[in-house]
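K.L.:
Structure of the sequence below:
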Amino acid sequence: MTMWDASLRSSLIDRAGRLKDSTKPAWGKMNAGGMMAHLNDSYRMALGELTVKPRNVPLRYPAIKQLVIYALPFPKGVPTAPELISRCEGAVLADEQRAYGELLEKLASVTPASRLADHPAFGNLTHRAYGVLMARHTEHHFRQFGL
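P.N.:
This is a model prediction of the structure:
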């Protein structure tokens, strides 16, 4: 599963469109609009449109990075960079759903030769690793909201 797969992006847009303001999360504090704002900002970060302060954490070590990105399940309730949750509280779901489709179109133009921003926790990621990480992160939050 990778964000570079056009059929996955299409499926994600369809699923995001089914989200309602009334949809409650299975865990966590975000509402539906906040979750979409969080995902949108994580894509903006990857595209270099949103600067997020780097963190010096063990996730930067290659072996740990590979395990987390490709194998381990995403834990619930992990602390998130403040820049990636700053818009959650006031986010309007319909606006975020529109922005979501636009951001996935931008991601469609990313090639292996494209330069993506360093991840604040993982550091420099390959095209493949970033695609997998974004897809898994999105699935994690879509499961949170029953999508």
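K.L.:
all contacts plus neighbour counts: C-alpha atoms, from now on.
P.N.:
Fine.
K.L.:
give me the number of residues near residue 102?
P.N.:
Burial of residue 102, expressed as a neighbour count using other C-alpha atoms under 10 Å, amounts to 14.
K.L.:
Enumerate every residue touching it.
P.N.:
Contact partners of residue 102, counting by C-alpha atoms under 8 Å, 6 or more residues apart in numbering, are absent.
K.L.:
where's it, which helix or strand?
P.N.:
If you go by DSSP states H and E, residue 102 is part of helix 93-108.
K.L.:
got the angle between the helix or strand that that helix is followed by and helix 93-108?
P.N.:
Counting by DSSP H and E, the element after helix 93-108 in chain order, helix or strand, is helix 127-144. In this structure, helix 127-144 runs at an angle of 160 degrees to helix 93-108, with axes from the mean of the first three to the mean of the last three C-alpha atoms, to 10 degrees as the basis.
K.L.:
list the helices and strands helix 127-144 packs on?
P.N.:
Judged by 3 or more C-alpha pairs under 8 Å, 6 or more residues apart in numbering; DSSP states H and E, helix 127-144 is in contact with helix 32-47, helix 62-70.
K.L.:
chain center to the longest one: distance?
P.N.:
On the basis of C-alpha atoms, centre = their mean, to the nearest Å, the separation between the geometric centre of helix 32-47 and that of its chain is 6 Å.
K.L.:
Buried residues of the helix holding residue 102, list them for me.
P.N.:
When burial is assessed from 16 or more other C-alpha atoms under 10 Å, helix 93-108 yields the following buried residues: 93, 94, 96, 97, 100, 101, 103, 104, 107.
K.L.:
just stretch 138-147 next, same as before
P.N.:
Those buried within stretch 138-147 under the rule 16+ other C-alpha under 10 Å are 138, 139, 140, 141, 142, 144, 145, 147.
K.L.:
The first one: what's its closest spatial neighbour, skipping adjacent residues?
P.N.:
In this structure, residue 138 finds its nearest non-sequential neighbour in residue 39, 6.8 Å apart by C-alpha to C-alpha, 6 or more residues apart in numbering.
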